[in-house]
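Enquirer: What follows is a predicted structure for the sequence shown.
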Amino acid sequence: MDTTQLLKGVLDVAVLAVLRTEDGYGYDIVRRLRDAGLGDVGDASVYGTLRRLYAAGSLSSYVVPSDGGPHRKYYAINPQGRSALESQTATWLDFAGAMSALLVDDRAGAPTNGVN
């Protein structure tokens, strides 16, 4: 299955989840998403998502100067973002449960190949 399309649908909630416990800058967020198992996530997609979530009011940002290069723009989840994360988490869990029920048939003796 091509995970690219799946990622497009869940990237907002994934970014909010990554920022739930610790603020981060763009590449740090990309790395944390990849470390969490979303290896196909693209840098440009994450940066676009950060801009969109910031514009929507779900994130705040601040700049941290760097001694060894350009400053870094950090993003932090705010109360509106936490509310969005809570709502999107509930939606995802309902959806994932429904898909799991469709894909995993654990009834004894039930056909699994679509033939009755």
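Expert: Everything's here; your move.

Enquirer: Could you tell me which residues within the helix or strand containing residue 27 count as buried?
Expert: According to DSSP states H and E, residue 27 maps onto helix 26-35. Within helix 26-35, the residues that qualify as buried by neighbour count (16 or more other Cβ atoms under 10 Å) are 26, 29, 30, 32, 33. The way it works is simple: take the backbone N, C-alpha and C, and place the C-beta from them, glycine included.

Enquirer: Can you add distance to residue 100 and give the residues you listed back as TSV?
Expert: Output for the buried residues of helix 26-35, formatted as TSV (distance: Cβ to Cβ, whole Å):
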residue	distance to residue 100
26	33
29	28
30	28
32	25
33	22
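
Enquirer: For the residue nearest to the spatial centre of the chain, list the residues it contacts.
Expert: Nearest to the mean C-alpha position of the chain, by Cα atoms, centre = their mean, lies residue 14 at 1.1 Å. Residue 14 sits next to 7, 33, 36, 38, 41 when contact means Cβ atoms under 8 Å, 6 or more residues apart in numbering.

Enquirer: and the angle for the helix or strand containing residue 14 with helix 26-35?
Expert: Assigned by DSSP H and E, residue 14 falls within helix 3-19. Counting by axes from the mean of the first three to the mean of the last three Cα atoms, to 10 degrees, helix 3-19 lies at 110 degrees to helix 26-35.
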